[in-house]
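Engineer: What follows is a predicted protein model with its sequence.
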Amino acid sequence: MRIVAKFLFLVLFCSMSVFAQNKELLYDFYEIPQSLMVNPGVKTSQKWYAGIPVLSGLSFQGATSGVTVNDLFANDGVDFTTKVQDRLLAVMGDRDDFSTTSQIEGFTVGFRGKNRPDDYYSFGMYGEMDVISYWPKDLAILAFEGNGGNNIGRSFDLGDLNLRGEMVNVFHFGINRKVSAALTVGARAKIYSSIFQFQSINNSGSFVTTPGQNNVYESTINADMQLQTAGVRGFYDIVEEDTGTTQKDVTSLFTERVLFGGNLGLGLDFGFSYELNPQTTITGSILDLGFISNSKDVWNYTFSGSTTTDGISVFLPQDINNVNNDLWQELLDEIDAALPHGENQSGYISWRPVKVYGSIRYDFGEGGNPVFDNCGCGVNSGGGTNRDYYRNSIGGQLFMLKRPKGVQAALTGFYQRRFGRTLSLKGTYTIDKYSITNVGLGANLQLGPVNFYVLADNLLSYSNIADSHYASLQFGFNIISWNDN
Amino acid sequence: MFLAMKRFPQTVFAMAVMLLFALACTEEQDFDQINDLQVTPTLASGLFYLESDEATINSAGSLNTFYYQETNFNAFNETYVADNLLEGTITYEIDNSTSKQLRVIIGFIDDSGNILDVETFDIEAGPTDTVVREVFYGPGGKRLQILTNTSSLRVSATNLSDANSVSPAENPKIILRSGAEFLFQLQ
């Protein structure tokens, strides 16, 4: 039980740096080359760009739909146990979650085809870590309150245990094509090189204690639970062995997994941009439509079965000759046999968290000068009226993410202002399960060929960051060329 | 003037970044509070159930013991129970629909065979209403060590009446139920 309590708190505190996957500031912020990563069909104007290795795209986002750090740890004089009961156990539901997503671009390059200037190619590599844990409400209450007292008769849902996490290195290659003056489409293929993956997402079962038909109490459990892991055991064994070369061995295994030495998978991204009229554009994309086949270093843990017990029972005269004095141990053995728990190494498929974006944008306020120089490669010519001639954009975005317990959505309204070709600012207001006061601000700065961007979410929470349900920061450096000079 | 206007966007950006960092603050947090956390669940479980028909009691004879059993019972002295038990209540319920006056004794015995405590139930001849006894262990009640040192239970049931009478009740029985609710300090 102590372990259960510690686990629950570990989940909670690790998840204070929760990350949602929505990149509403980056989406359709076409001045930033990395916007291609959230919509392969975004309009592109550069001739080529190259991300500065490791620094071209760093994103760290954090969110919790339930309790915040400040709720529990504010130095407010309130008893900590009371805070846990009132602000955690009484408030959080089984659909509240803690999740983390972070991405680091290893390298990324984009270039326009020489012979087909309407085609824009991009490739690169990035690492991503994604972890989500739903609040195991019933298990937490069971751990804190127990099955007795007021919980007699309460059925605890074992399916509340629902978590998934992975670290993956992604190699990608994409094509973005300007089909017509109004339509741009794009697709990207991805190879996933998994470093580790774990999931426990299809659990079911219950545990209930009631006044018994025979005895004072009767407890019934039925469980069908499984934790699947791939790539975890290898790291665990290295750390467990503690041979003195632990760090070196971990690094070696990590490097091997990053470079296709672990479990592999495939994925696809698709996207488009379509100008309904010279000032109105709709866009959409679907990302990470893919899977990883986990067959190496797989260790799964299972717990299933059902049983009911009301303690040691003796019925006379049936048991009159039973002089066995190990009735208690027999009872434990019966329960153990009815609830087999074991390990296996069966491979499994893990699906990537699919993301869908959509947006509508209205451009206005003709500026007279294009934001981008002509790339000199033909793609800008004949484009007719386009966004480059408008200083302002306003619109809305929709984001949806497939999570273990269903689709998670976010709605964003945005305003973008361009100050010549040097600076572009984008402000967003986003509403989702984490926050209804999420105001974000993004800036893209172009100094000659050097491009720098920074995007920060939920700025209102910066007055007390510990009380934030959501925090995110993305930034990066690129080298961009529009001309041959 | 022209230079100043040219630098205006950069200046705005720099000011925005500085403003962001200036605003990014947090109320005082005390993470040591986690050491004050009290996790005290109440766990409930059935313990022991004994049921006997009147024929079995009669077959043992008058003033004889019709059931005697000592069984290992390590539920209480499991390490985490012994280390974390704060208090507990064992509830006994007895229904007697036989015509017999009975005595049931439950002994709590340690590893060395010493009797740590006994619960004795003198039961009137039935049919009777359900007799309920709640025994509290902990501050103000019996010593917790009785539970935490118990490694076996000795249960005996004795017929204090004759060996012939039969209750007019349908399917007469003596039933002893027991269950425990224990409060643990896990953190």
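Structural biologist: Received it, and whenever you're ready, just let me know what you need. This one's a predicted model, so the numbers in the text were calculated from it and none came from an experiment.
Engineer: Give me the nearest residue to A:Val354, chain neighbours excluded.
Structural biologist: A:Lys402 (4.4 Å; C-beta to C-beta, 6 or more residues apart in numbering or on different chains). For every residue, glycine as well, the C-beta is placed using N, CA and C.
Engineer: Let me see the contact set for that neighbour.
Structural biologist: Residues in contact with A:Lys402, defined by C-beta atoms under 8 Å, 6 or more residues apart in numbering or on different chains, are A:Trp351, A:Pro353, A:Val354, A:Lys355, A:Gln408.
Engineer: Most neighbours among those, which one is it?
Structural biologist: Neighbour counts for the contacts of A:Lys402 (other C-beta atoms under 10 Å in any protein chain shown) peak at A:Gln408, which has 23 neighbours.
Engineer: Okay, and the beta partners of that one?
Structural biologist: On the basis of DSSP bridges, A:Gln408 is bridged to A:Leu401.
Engineer: B:Glu181 contacts A:Gly149, doesn't it?
Structural biologist: Yes: counting by C-beta atoms under 8 Å, B:Glu181 does reach A:Gly149; the two are 7.0 Å apart.
Engineer: Common neighbours of those two, please.
Structural biologist: B:Thr42, B:Ala44.
Engineer: Sitting in strands, which of the contacts of A:Lys402 do you find?
Structural biologist: Secondary structure assignment by DSSP state E places A:Trp351, A:Lys355, A:Gln408 of these in strands.
Engineer: And for the second one, nearest residue in space, chain neighbours not counted?
Structural biologist: Once its chain neighbours are removed from consideration, A:Lys355 has its nearest residue in A:Leu287; the separation is 4.4 Å (C-beta to C-beta, 6+ apart).
Engineer: which one of B:Glu181 and A:Gly149 has more residues nearby?
Structural biologist: Neighbour count, other C-beta under 10 Å: between B:Glu181 and A:Gly149, B:Glu181 has more, with 21 against 14.
Engineer: Any idea how far apart the tips of stretch A:30-42 sit?
Structural biologist: Taking C-alpha to C-alpha, to the nearest Å, stretch A:30-42 runs 7 Å from one end to the other.
Engineer: got JSON lines for the ones in strands among the contacts of A:Lys402, with pLDDT too?
Structural biologist: Output for the ones in strands among the contacts of A:Lys402, formatted as JSON lines (pLDDT from 0 to 100):
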{"residue": "A:Trp351", "pLDDT": "94"}
{"residue": "A:Lys355", "pLDDT": "94"}
{"residue": "A:Gln408", "pLDDT": "88"}
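Engineer: count of neighbours near B:Gln33?
Structural biologist: Count around B:Gln33 with other C-beta under 10 Å applied: 19.
Engineer: Could you check how far A:Ile436 is from chain B?
Structural biologist: 20 Å (C-beta to the nearest C-beta, to the nearest Å).
Engineer: Could you do A:Gly413 as well?
Structural biologist: With C-beta to the nearest C-beta as the criterion, A:Gly413 and chain B are 20 Å apart.
Engineer: check which helix or strand covers that residue.
Structural biologist: A:Gly413 belongs to strand A:406-419 when assigned by DSSP states H and E.
Engineer: just checking, next helix/strand downstream of that strand?
Structural biologist: Taking DSSP H and E, what comes next after strand A:406-419 is strand A:423-432.
Engineer: Taking the stretch 201-350 of chain A, what residue is nearest to chain B?
Structural biologist: Chain B sits closest to A:Val216 of the stretch 201-350 of chain A, with a gap of 2.9 Å, by C-beta to the nearest C-beta.
Engineer: Not counting its neighbours along the chain, what's nearest that residue?
Structural biologist: B:Gly179 (2.9 Å).
Engineer: Just the helices from the chain, written as ranges.
Structural biologist: Assuming you mean chain A. Shown for chain A, the helices assigned by DSSP state H span residues A:2-14, A:69-73, A:80-83, A:137-145, A:232-241, A:246-256, A:327-338.
Engineer: hmm, I had chain B in mind actually
Structural biologist: B:2-6, B:8-23, B:54-60, B:79-84, B:144-148.
Engineer: And the fourth one, what's buried?
Structural biologist: By neighbour count, with 16 or more other C-beta atoms under 10 Å in any protein chain shown as the criterion, the buried positions of helix B:79-84 are B:Val81, B:Asn84.
Engineer: Quick one: mean pLDDT over that helix.
Structural biologist: Here helix B:79-84 scores 82 as its mean pLDDT.
Engineer: Do I have it right that A:Thr309 meets A:Leu331?
Structural biologist: Yes: using C-beta under 8 Å as the test, A:Thr309 is close enough to A:Leu331 to be in contact (6.7 Å).
Engineer: Comparing those two, which residue is more hemmed in?
Structural biologist: A:Thr309 (21 against 18).
Engineer: and the more buried one, what is it in contact with?
Structural biologist: Per C-beta under 8 Å, 6+ apart, neighbours of A:Thr309: A:Glu218, A:Ser219, A:Leu331, A:Glu334, A:Ile335, B:Gly46.
Engineer: Where neighbours are concerned, which of those residues has the most?
Structural biologist: Neighbour max across those (other C-beta under 10 Å) = B:Gly46, 23 neighbours.
Engineer: Can you name the residues bridging to that residue?
Structural biologist: Beta bridges link B:Gly46 to B:Gly179 when assigned by DSSP bridges.
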